[in-house]
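Asks: with the input below, show me the fold.
(chains A and B)
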Amino acid sequence: MFYREAGDFKTSYREDSQTFPIKFDRLRYYVVLAIAFGIVPLFINDYWANAVAVPFLIYAIAAIGLNILVGYAGQVSLGTGGFMAVGAYAVYKLMTAFPEVSIFIHVILAGGITAAVGVLFGLPSLRIKGFYLAVATLAAQFFLVWLFNKVPWFYNYSASGQINAPERTMFGVFVTGAQTSAMAKYMFCLVMLTIVALIARNLTRGTVGRKWMAIRDMDIAAEIIGVNPLTTKLSAFAVSSFFIGIAGALFFAVYLGAAEVGEAFGIQKSFLILFMVIIGGLGSIFGSFAGAAFLVLLPVFLKNVLVGTLGWPTDLAAHIELMIVGGLIVTFLIAEPHGLAQLWRVAKEKLRLWPFPH
Amino acid sequence: MKKTFTALVAAAMTLTSAPAFAELVVPNLSYRTGPYAANGIPYADGFNDYFTLLNERDGGIGGEMVRVPECETAYNTEKGVECYESTKGDGALAYNPLSTGITYQLIPKVTADGHVLYTPGYGRTSAANGKVFEWVFNYPANYWDGASIIEQYLMGKAGGSLEGKKIALVYHNSAYGKEPIRTLQELAARDGFELELLPVDHPGQEQKSQWLQVRRSKPDFVIMYGWGVMNQVAIQEAVNIRFPMENFVGIWWSGSENDVRSAGEKADGYTTVSFHGTGMDFPVYADIQKYVIDAGKAAGAGDEVGTMLYSRGMYAAMIISEAIRKAQEIHGHSAVTPAEVRDGFEQLDLTEARLNELGLPNFAQPIQATCADHGGPGSGLMFKWNAADGKWVAASDWISADSSVIDPLIAEDSAAFAKENNIAERCN
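Replies: From the prediction side, this is the model:
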């Protein structure tokens, strides 16, 4: 009944190759955008922004970035936390060195710097793949964290090694610092996420994305048909790190406001984002959103139910929460090894035929 | 998927947020899980039990009941932010997150939102300068005081001079552990000892290489700024390389019963500094036994009463309650607001006589806060671990930090913060 192509005639190539070719899907997409941009900002408060919305948006950006590398180009990476740290420290250095430049430009530049670092650490991917590459990127994770701890220039020689985001405005509204309103934080991250998601979606539909997928599916065959592994693999690392750098910059500047590299960008962050991508679905932009939502919202939701509503002791609730989240991850992956995105795809197929499956 | 989750969260939130008025709310951002739980649990228990005592025995503070909503942070900054945001709407009077990382994050937030941040013995050291940090208090002592107190104690042990000695600092590689480095470097330059830095990464379960380094370079003394599981591992490793325990000194966060017990008899003689007394010998414990423990209202498992970190949680609760009392006295009504409690903190006058009244004679040093002084007296007591009795035994009288070294450092660091954030000095 829903998601039906029947009667939805395309009269131009442009229409035929649009992102959401099914009319219902397209409408749903515009409704989600309208709610996110038009309705949520009117009602959002500090708690919702800082505990739910902003972390979800930022993790979604990071998950899209990692999904390009792991899901589309097939290069396993455990260095996500380290690359987020590059974004965070880059934006910190830029913000303190050039206070008059807009924060928006700084965030984009921080993404660019991370892309350069990502390409550097992507070089081993030309010789090694799979688990061996994972170990090489793991080295990037530990090296970058060590670097930001060791060299005082990165944290402007502060006594504690903490970096603190100074207050910056955009169009006269605070975007970083403590005076930022919930709406400003939310809108800034939402705009970034929308831009990133649009770029990622369109890259993966075009030549670049097809090259990535060719390399992922069989690199030797791809090389024979004329895909250059050097530029393809490195462009995947560059684009992926660019997005992850933006996520890291927002994570530090907009969300936390103060960060410490070992705690905020440690190995557990790399794993968290990799889990988001795997649970959401490899090679799917929607999967990145679903994975980020699952791992950000579920713990907060469980905490509010167990401690807030049921009144359990906090330590018991924290342990049960870990068990429930872990249990659900296993259940989901057994039920659908290709992640939440595949569940969504199956649901859409079913809805096309519903209610007359035969 | 996203929408159903948000709907469910919304449902959960409406159920939880039932604002109760005419109550004093002091959130307890605690951690009872994760690698720092061994230290977080006794502190949280002491904090909760003291407020339970005030509620049960006195009917709260000035006739107002105190509510202490607990929120689990797991020593994690992201969860800390969530806890802060979820409790601040309740009219929280003061925050005590027991984490330097979370403190750094909350300093700008509490300043903008108008809540008191009370960080006794941790957090940002330069918050001792009330001229710059209006909403943050860290009396009675800070990390740099601790470093100076330990140095003076070691100097006494070394016979009055540290000239030519070697001191190793084993520290948690985070904002917390890095805090004393500047001070110790200044002291090393002044007193002529050599300082060796040995960072330990979070969570600190792996310290073989650091202690191998200690074994190789043979320092005369080792100072530790550790927390959580790192403490237990470090003390065990020191035992393994047969480092003399009496030359191994921890800051107040590296000196709880849970840290030394796992190393057994060999940990005997390990020394720590503290800014308050410990043990069950204070009259207040008779009341805690009667109103809290026997009434079955003790927090947690109730097995931490009287331990070092339990005493510290109780100390923090006692200071917050005294500041609330002071605020009620200044403003003449009992339902005080966060801004009024800030005045209470700033004008707090904790005397020896008042400590006696509270059943805590000689438990801590008197505090006389002012607009400019949010840092307190900065003195501490040394305690030695007696493994046979399982007790901390006082090993010195009160030692005061050397303010001639620390005050210029505080002025420098707070001036840098004021400049970064365009803060005009107050109290002039």
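Asks: which residues of the stretch 301-428 of chain B lie near chain A?
Replies: B:D413, B:A416, B:E420, B:N421 (C-beta under 8 Å from any C-beta of the partner chain). For glycine as for every other residue, the C-beta is placed from the backbone atoms N, C-alpha and C.
Asks: before we move on, what SS does the residue nearest to A:A73 when sequence neighbours are not counted have?
Replies: Nearest non-adjacent residue to A:A73, counting by C-beta to C-beta, 6 or more residues apart in numbering or on different chains: A:A236, 3.5 Å away. With DSSP: H, G, I helix; E, B strand; the rest coil as the basis, A:A236 sits in helix.
Asks: cool, and B:M155?
Replies: Going by three-state DSSP: B:M155 is helix.
Asks: same check, this time on A:V175
Replies: Classification of A:V175 using three-state DSSP returns strand.
Asks: what does the one 4 residues further on give?
Replies: Under the three-state scheme (three-state DSSP), the conformation of A:Q179 reads as coil.
Asks: confidence score at it?
Replies: A:Q179 carries a pLDDT score of 83 in this model.
Asks: dihedrals phi and psi, it?
Replies: Backbone dihedrals for A:Q179, given as degrees, to the nearest 10, come out at phi -80, psi 0.
Asks: residues contacting it?
Replies: A:Q179 is in contact with A:E167, B:A112, counting by C-beta atoms under 8 Å, 6 or more residues apart in numbering or on different chains.
Asks: same thing with the one 4 residues further on?
Replies: When the contact criterion is C-beta under 8 Å, 6+ apart, the partners of A:M183 are A:P41, A:I44, A:A49.
Asks: mind listing what residue 246 touches?
Replies: Went with chain A since none was named. In this structure, A:I246 makes contact with A:I61, A:G65, A:G87, A:V107, A:I108, A:A110, A:G111, A:T114, A:M192, A:V196, judged by C-beta under 8 Å, 6+ apart.
Asks: wait, chain B was what I had in mind.
Replies: Taking C-beta under 8 Å, 6+ apart, one finds B:K157, B:G269, B:Y270, B:T271, B:K384 in contact with B:E246.
Asks: count of neighbours near A:Y72?
Replies: Other residues near A:Y72 come to 26 when the count uses other C-beta atoms under 10 Å in any protein chain shown.
Asks: quick one, phi psi at it?
Replies: Torsion angles at A:Y72 (phi, psi; degrees, to the nearest 10) stand at phi -90, psi -40.
Asks: which strand or helix spans the residue nearest to it when sequence neighbours are not counted?
Replies: Distances taken as C-beta to C-beta, 6+ apart put A:W212 closest to A:Y72, at 4.4 Å, once the chain neighbours are dropped. Using DSSP states H and E, A:W212 maps to helix A:207-217.
Asks: mind giving me the packing neighbours of that helix?
Replies: With contacts defined as 3 or more C-beta pairs under 8 Å, 6 or more residues apart in numbering or on different chains; DSSP states H and E, the packing partners of helix A:207-217 are helix A:219-224, helix A:229-250.
Asks: circling back to that earlier point, ok, and which of the contacts of A:I246 reach chain B?
Replies: Applying C-beta under 8 Å from any C-beta to those, none is adjacent to chain B.
Asks: before we move on, the earlier item: do you know the pLDDT at the residue nearest to A:A73?
Replies: pLDDT, A:A236: 95.
Asks: swap in A:L78?
Replies: In this model, A:L78 carries a pLDDT of 93.
Asks: please enumerate the helices of the stretch 51-200 of chain B.
Replies: B:77-88, B:100-113, B:143-157, B:175-191 (DSSP state H, counting those that start in this stretch).
Asks: does chain A sit close to the longest one?
Replies: Read it as helix B:175-191. Yes: Helix B:175-191 reaches chain A (C-beta under 8 Å from any C-beta) through B:A175, B:Y176, B:K178, B:E179, B:I181, B:R182.
Asks: most neighbours of all those residues, which one?
Replies: Taking other C-beta under 10 Å as the neighbour criterion, B:E179 ranks highest of the residues of helix B:175-191 next to chain A with 29 neighbours.
Asks: sorry, back to before: restricted to buried residues, select the residues of the stretch 301-428 of chain B next to chain A in ChimeraX.
Replies: Provided next is the ChimeraX selection string for whichever of those are buried by 16 or more other C-beta atoms under 10 Å in any protein chain shown:
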select /B:413,416,421
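Asks: among the residues of the stretch 301-428 of chain B next to chain A, name the ones in helices.
Replies: Mapping those onto helices (DSSP state H) picks out B:D413, B:A416, B:E420, B:N421.
Asks: now those as a markdown table including pLDDT?
Replies: Below are those laid out as a markdown table (pLDDT from 0 to 100):
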| residue | pLDDT |
| --- | --- |
| B:D413 | 89 |
| B:A416 | 86 |
| B:E420 | 79 |
| B:N421 | 81 |
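Asks: closest one of those to B:D90?
Replies: When these are ranked by distance to B:D90 (C-beta to C-beta), B:N421 comes first, at 27.1 Å.
Asks: now whichever residue of the stretch 151-300 of chain B sits closest to chain A: closest residue in space, sequence neighbours ignored.
Replies: Closest contact between the stretch 151-300 of chain B and chain A, by C-beta to the nearest C-beta, is at B:A175 (3.8 Å). By the measure of C-beta to C-beta, 6+ apart, the closest residue to B:A175 outside its immediate chain neighbours is A:S160, 3.8 Å from it.
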